[in-house]
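Asks: Return atomic coordinates for the entry below.
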Amino acid sequence: MKIAKVLGTVVSTQKTESLQGTKFLLVQRLDHQGQLLPEYDVAADCVGAGVDEWVLVSQGSAARQFRGYEQRPLDALIIAIIDTVSVSEGLVYTKRDGY
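Replies: Residues are numbered from 1 along each chain as shown. Alright, predicted model coming up:
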């Protein structure tokens, strides 16, 4: 799993039938200090995440292990909205206060 920040939405009106009704979000990965990394992904959202929220992204075949997503051609799936992140140096992120 990777930690990422939701930057925005990706809208696609024409898509394969198995992806109908799937919400896509543009996410940017974060390092252990909460700094944005240069890597971006488009991830399907199964938890109702929104812009500026920090999320956990499951990738590869693990993204297709969740009920209802087994037969979808996904490489990235948002599986959780993060409430807090802390490391040995202290609190990195809390949803209540942002950074």
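Asks: Pull the contacting residues for Lys23.
Replies: Counting by C-beta atoms under 8 Å, 6 or more residues apart in numbering, Lys23 touches Thr9, Ala44, Asp45. Any C-beta I mention is one placed from the backbone N, CA and C, and that applies to glycine too.
Asks: of the residues you listed, buried ones?
Replies: Burial by neighbour count, 16 or more other C-beta atoms under 10 Å: within the contacts of Lys23 this picks out Ala44, Asp45.
Asks: show me what contacts the residue of the chain positioned farthest from its centre?
Replies: In the chain, counting by C-alpha atoms, centre = their mean, Glu89 sits farthest out from the average C-alpha position, at 24.7 Å. With C-beta under 8 Å, 6+ apart as the criterion, no residue contacts Glu89.
Asks: separation between it and Met1?
Replies: When distance is defined by C-beta to C-beta, to the nearest Å, Glu89 is 21 Å away from Met1.
Asks: Nice, that's everything, thank you.
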